[in-house]
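J.: A structural model of the following input is requested.
(2 chains)
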Amino acid sequence: HLCFSFSSCLDASRPWLCFWILHSLELLQEPIPAAVASDVCQFLARCQSPTGGFAGGPGQHAHLAPTYAAVNALCIIGTDEAYNVIDREKLLDFLWSVKQPDGSFVMHVGGEVDVRSAYCAASVASLTNILTPKLFENTTNWILSCQNWEGGLSGVPGLEAHGGYTFCGTAALVILGKEHMLDLKALLRWVVSRQMRFEGGFQGRCNKLVDGCYSFWQAGLLPLLHRALYKEGESELSQQRWMFEQQALQEYILLCCQNPTGGLLDKPGKSRDFYHTCYCLSGLSIAQHFGNMDNHYEVILGKEENRLAPTHPVYNICPEKVAQALQHFLRMPVPEVMLNFAPNKGQRFCKGSLTFS
Amino acid sequence: EEDRKEWADLEPVPQDDGPNPVVKIAYSEKFSDVYDYFRALLKNDEKTERAFALTADAIDLNAANYTVWHYRRVLLQALSKDLKEEMKYITNIIEEQPKNYQVWHHRRMVVEWLNDPSEELQFIADILSQDAKNYHAWQHRQWVIQEYKLWDNELEFVENLLEEDVRNNSAWNQRHFVISHTTGFSDPAVVEREIQYCLNQIRKAPHNESAWNYLKGMLQDRGLSSQPGLLERVLELKETHCSPYLLAFLFDCYEDALENIAQKEKVEEEEQKETLRKALEICQLLAQEKDTIRKEYWEFLGRSLRNKYGNGTLSDEPMAENPEPSISASQSQEAS
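T.: Numbering: from 1, shown residues only, chains lettered A, B, ... in the order given. Prediction:
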């Protein structure tokens, strides 16, 4: 029976559990029964805060991480019921409430700043069509200040380059259309250097150990950089491969990161969990699929059945679900901001939306 | 225990998961009790001693519950609690759970309220002695140092850490952090000292990527070929202390030289051709032998370089990319 008991240490991360599980199922091309989908919608509706955004559980305060997870989960479900859960006006209020004058975002009211927040905000704002340039004023420069001497990005300016934060910063800039402002060559050198020559998987930081979850956070950067370099006029990009060893990553995931009773994990000896299951599978998908709709090359290690669905390298949900959500929400007007955003009292109304590909 | 009389006036609030909950958590009885009462307090906006005490229980059950931490901070202020005591509390919690976001953020708030960073460097040093790469610890350390201008002894601290483990990339990052915020990297004496330091560490541990990255990272804005004699020193090391990182560094030197040659008019075409040849030779060596995991990348760099600086007469190397068919299922290996 599919009865898992989740640990109470995830009691403030329940929308994450929804996303990790739903995304894993969509990668495995397992259909979600309509009843389950509806139950998830209703549960996430209870995680939505009356003041906007989603919380880690019913009755908790809104936080950008479960907000990101909830919106992604709802987009995976992709029904009108799912889309209708999201209160767009309140969501925009929430994003304004965590926006800082220096361009950064705190993760929740009274909470900490790091580059994850910019990604979470940009992701949900773009998917639900509530994004305006004013909302992300100074955010580009703040994210850029996170690129360090190593070429990767840190959580906040000054810290060590780290795969999770590098993914968040880069993907956020892609959403904002500003990825070209990074030192792309330095970033590329940093990320390709994170693939371990013996293990085949990726480390999160220089001189640290391999971890299956970086199969997505790190390897997922290569499709983003490929596209960014292409847009910058780079003529020598491969038309068949990402700039990492795709087969070696698949070998690491399939041979070292599987629990024989199901689920995936960090490295041999560690226990399985839904986070690692989601991100190992996401990384496996990245390693299997090159290109886009028009030009698609596959590298499938092992049996045909190992093929996963492709995933979108910015949002990490399937590309069809991204397109479907965008199409749904772009029909709606961008909400006007009702609350005062304190540091900028004169700028209350933000009409118009940002188009992006 | 929440069944006691002091809670009798409060009606606990069960969690509203709805009729068909998903991702259900198997809460212990204690957990449900504590959080049912916590929800009641939150609902009534109660700001009392018992509320404050309960937040500690709630945190103990789930230190990642940021809603509880937020409420605790509201209570700390509303009840004018002893913040020195709170420092002791948060010190203990962090020692137990050093990889949690909320605990470090809470400590930062208390330090700010007290305006007292006097314990911080020692405390963080203690946490780092247990895990020298704890990202939260380093983040807190950088915040304290920057906020309270505690730069004086940090380079020494970093050097000690590097003595213990020359491969500690967090320490190398901290080195860069301290220097860039104090002397900066424009002073030639500083740069020479740092180059010397790097090369010494490389001699001791040639396959330490951090040291090579630091060397490059420090010089890249000014250009690797701006440092006279460096290329020669690295070529010397190549004989006895070679590594893929050394070769990559050489490649970067040649590429930088090509950048600069391109700008000078009176440079011999021979010199440019030779530099390009050496750069491409390294790319190929790395792609095919010394750093094959990055083959796709090194081949891309080779093609890029050739495209940028090559001309018709340089087509003695065959093109690196051979169009290959995608691997079909029938050709791929069975994974065990």
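J.: tally of neighbours for A:F136?
T.: Residues lying near A:F136 (other C-beta atoms under 10 Å in any protein chain shown) number 25. For every residue, glycine as well, the C-beta is placed using N, CA and C.
J.: and if you look at B:E85?
T.: Neighbours around B:E85, by other C-beta under 10 Å: 10.
J.: do you know the pLDDT at the closest residue to B:S28 other than its chain neighbours?
T.: Nearest residue to B:S28, sequence neighbours excluded (C-beta to C-beta, 6 or more residues apart in numbering or on different chains): A:S8, at 7.2 Å. A:S8 carries a pLDDT value of 93.
J.: list the contacts for A:S8?
T.: B:I25, B:A26, B:Y27, B:S28, B:F31, B:L61, B:N62 (C-beta atoms under 8 Å, 6 or more residues apart in numbering or on different chains).
J.: equivalent analysis for A:L182, please.
T.: A:L144, A:Q147, A:T170, A:L173, A:A228.
J.: and which of the residues you listed is nearest to A:A37?
T.: Lowest distance from A:A37 to the contacts of A:L182 (C-beta to C-beta) belongs to A:T170, with 31.1 Å.
J.: I figured the closest one hits A:L224, correct?
T.: Yes. With contact defined as C-beta atoms under 8 Å, A:T170 counts as touching A:L224 (5.5 Å).
J.: between those two, what contacts are shared?
T.: A:E179.
J.: higher neighbour count, those two?
T.: The residue with more neighbours, out of A:T170 and A:L224, is A:T170; 29 against 20, by other C-beta under 10 Å.
J.: can you classify the more buried one by secondary structure?
T.: Put simply, A:T170 is helix when judged by DSSP: H, G, I helix; E, B strand; the rest coil.
J.: run through the residues that contact it.
T.: Contacts of A:T170 by C-beta under 8 Å, 6+ apart are A:L153, A:E179, A:L182, A:L187, A:L221, A:L224, A:L225.
J.: so which of these belong to helices?
T.: Those of these mapping onto helices are A:L187, A:L221, A:L224, A:L225, per DSSP state H.
J.: buried subset of the residues you listed as a ChimeraX selection?
T.: Entered in ChimeraX, the line below selects the buried ones among these, by 16 or more other C-beta atoms under 10 Å in any protein chain shown:
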select /A:187,221,224,225
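J.: among the ones in helices among the contacts of A:T170, which one lies nearest to A:L95?
T.: A:L95 lies nearest to A:L224 out of the ones in helices among the contacts of A:T170, by C-beta to C-beta, at 22.6 Å.
J.: assess the claim that that closest one and A:E179 are in contact.
T.: Yes. When contacts are counted by C-beta under 8 Å, A:L224 is listed as touching A:E179 (7.0 Å).
J.: residue of the stretch 101-250 of chain B nearest chain A, please.
T.: Relative to chain A, the nearest point of the stretch 101-250 of chain B is B:G217 (3.2 Å; C-beta to the nearest C-beta).
J.: can you pull the pLDDT of that residue?
T.: 97.
J.: contacting residues around A:L221?
T.: Taking C-beta under 8 Å, 6+ apart as the contact definition, A:L221 lies against A:G163, A:T166, A:F167, A:T170, A:L187, A:V191.
J.: now, among these, which is nearest to B:F177?
T.: A:T166 (17.5 Å).
J.: list the residues that contact the nearest residue to A:W149 once chain neighbours are set aside.
T.: Nearest non-adjacent residue to A:W149, counting by C-beta to C-beta, 6+ apart: B:G217, 3.2 Å away. Going by C-beta under 8 Å, 6+ apart, B:G217 touches A:N148, A:W149, A:E150, A:G151, B:H176.
J.: after the helix or strand containing the residue of the stretch 101-250 of chain B closest to chain A comes which helix or strand?
T.: Using DSSP states H and E, B:G217 maps to helix B:209-219. Once the chain leaves helix B:209-219, the next helix or strand it forms, by DSSP H and E, is helix B:230-240.
J.: same for that following helix, what does it pack against?
T.: Secondary-structure packing of helix B:230-240 (3 or more C-beta pairs under 8 Å, 6 or more residues apart in numbering or on different chains; DSSP states H and E): helix B:188-204, helix B:244-263.
J.: quick check, B:N213 in contact with A:N207.
T.: No. If you go by C-beta under 8 Å, B:N213 and A:N207 don't touch, sitting 9.4 Å apart.
J.: okay, those two: which has more neighbours?
T.: More neighbours surround B:N213 than the other of B:N213 and A:N207, with 27 against 18 (other C-beta under 10 Å).
J.: okay, the more buried one: pLDDT?
T.: 98.
J.: can you give me the strands for chain B?
T.: Taking DSSP state E as the criterion, chain B carries no strands.
J.: and the gap between the closest residue in space to B:N62 that isn't next to it in sequence and A:C41?
T.: Nearest non-adjacent residue to B:N62, counting by C-beta to C-beta, 6+ apart: A:D11, 5.1 Å away. Distance of A:D11 to A:C41, given as C-beta to C-beta, to the nearest Å: 20 Å.
J.: quick one: low-confidence ranges for the stretch 1-150 of chain B?
T.: B:1 (pLDDT under 70).
J.: where does it come near chain A, residue by residue?
T.: B:13, B:15-28, B:31, B:35, B:39, B:42, B:61-67, B:70, B:73, B:101, B:104-105, B:108, B:133, B:135, B:138-139, B:142, B:146 (C-beta under 8 Å from any C-beta of the partner chain).
J.: what sits against A:L249?
T.: A:Q195, A:G200, A:G201, A:F202, A:S215, A:A219, A:G283, A:L284, A:A287.
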